[in-house]
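Engineer: only geometry, no sequence info:
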């Protein structure tokens, strides 16, 4: 018998039924395990619940979207306590990357012990497990967060179209050890996605070959392109196709630093914010 803690976001997915938190708890109890349910009440609460739960439980379940998964992972990295995911968000990118995009897949993984050890990454010491978006990618996440949640994953597409039209990039210096003949890339950049997993932004694939288990990050750097070109390339990324263009560079690395004289919009696993001007380490 295992002791399992379900951490549930009350604003994600269905609170009732088989795949609501109590429904999932009944299914797991029916398999002979001891289950507790904890509801989050605000930002970073899931991290605190997960950190505490790692000391008293054999597994912690994140029941929510990528934001809930992000917070739970932040509380569990380094503890040795495994995380399971019951997908209940608008994007569910991390869950999709581990093969648990549907709630029944997550429940099956819990009941049948399908375990996968995955990489964790950091931005200036802050954990992320799926992706870090910068520049236009971060701006899209900031804008999507202001749109009506019932739009679901379409929030990101709407925000992306607006950003392609009115954002023109900014100056960034990238230092990537071991890349090509030199480790420094300079100039004006429009978009960056640093992928640990293959999906981001509700199913976009800017790092289609990214693997959660290879010890590497797949970095997609895009220099400024015209709105017409941007709108032409966007559907390819939405469909999960490889996006190729002379202004796009794909790099695989284990670490990098970047400098910008301006604030940089970002998202960590979909959680949006702004970085101060200066140097940052990934």
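Structural biologist: Nice, thanks for sending it over. This one's a predicted model, so the numbers in the text were calculated from it and none came from an experiment.
Engineer: Which stretches in the stretch 101-250 of the chain count as helices?
Structural biologist: Here the stretch 101-250 of the chain has its helices, by DSSP state H, counting those that start in this stretch, at 103-112, 136-144, 154-166, 227-238.
Engineer: least trustworthy helix or strand in this protein by mean pLDDT?
Structural biologist: helix 227-238 (a mean of 75; mean pLDDT, DSSP states H and E).
Engineer: Now do the contacts for residue 106.
Structural biologist: Residue 106 sits next to 61, 84-87, 95, 100 when contact means Cβ atoms under 8 Å, 6 or more residues apart in numbering. (Each C-beta comes from the backbone N, C-alpha and C, glycine too.)
Engineer: swap the cut-off to 6 Å and go again
Structural biologist: Residue 106 sits next to 85-86, 100 when contact means Cβ atoms under 6 Å, 6 or more residues apart in numbering.
Engineer: now, which of these lie within strands?
Structural biologist: Under the assignment DSSP state E, the contacts of residue 106 contribute 85-86 to strands.
Engineer: Tell me where the stretch 151-282 of the chain has strands.
Structural biologist: For the stretch 151-282 of the chain, the strands defined by DSSP state E, counting those that start in this stretch occupy 170-175, 184-189, 191-195, 217-222, 248-253, 257-260, 264-268, 271-275, 278-281.
Engineer: Now tell me what touches the second one from outside.
Structural biologist: When contacts are taken as Cβ under 6 Å, 6+ apart, the neighbours of strand 184-189 outside the stretch itself are 135, 169, 171-175, 223-224.
Engineer: now do the fourth one
Structural biologist: With Cβ under 6 Å, 6+ apart as the contact definition, strand 217-222 has outside contacts at 190-196, 206-207, 210, 247-252.
Engineer: quick one: which of those residues is nearest to residue 2?
Structural biologist: Proximity of those to residue 2 (Cβ to Cβ) peaks at residue 196, which lies at 27.1 Å.
Engineer: What distance do you get for the closest residue to residue 212 other than its chain neighbours to residue 214?
Structural biologist: Distances taken as Cβ to Cβ, 6 or more residues apart in numbering put residue 118 closest to residue 212, at 4.2 Å, once the chain neighbours are dropped. According to Cβ to Cβ, to the nearest Å, residue 118 and residue 214 sit 10 Å apart.
Engineer: next one: phi and psi at the residue nearest to residue 212?
Structural biologist: Residue 118 adopts backbone torsions of phi -120, psi 160, taken as degrees, to the nearest 10.
Engineer: Export the strands of the stretch 151-282 of the chain as a markdown table, with columns for distance to residue 26, mean neighbour count and mean pLDDT.
Structural biologist: Converted to a markdown table, the strands of the stretch 151-282 of the chain look like this (distance: least, Cβ to Cβ, whole Å; neighbours: other Cβ atoms under 10 Å; pLDDT from 0 to 100):
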| stretch | distance to residue 26 | mean neighbour count | mean pLDDT |
| --- | --- | --- | --- |
| strand 170-175 | 50 | 18 | 97 |
| strand 184-189 | 49 | 15 | 94 |
| strand 191-195 | 36 | 27 | 96 |
| strand 217-222 | 39 | 23 | 95 |
| strand 248-253 | 43 | 17 | 92 |
| strand 257-260 | 47 | 18 | 97 |
| strand 264-268 | 33 | 24 | 96 |
| strand 271-275 | 30 | 16 | 94 |
| strand 278-281 | 45 | 13 | 98 |
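Engineer: and of the ones you listed, who's closest to residue 27?
Structural biologist: Closest approach to residue 27 among those is made by strand 271-275 (28.9 Å; Cβ to Cβ).
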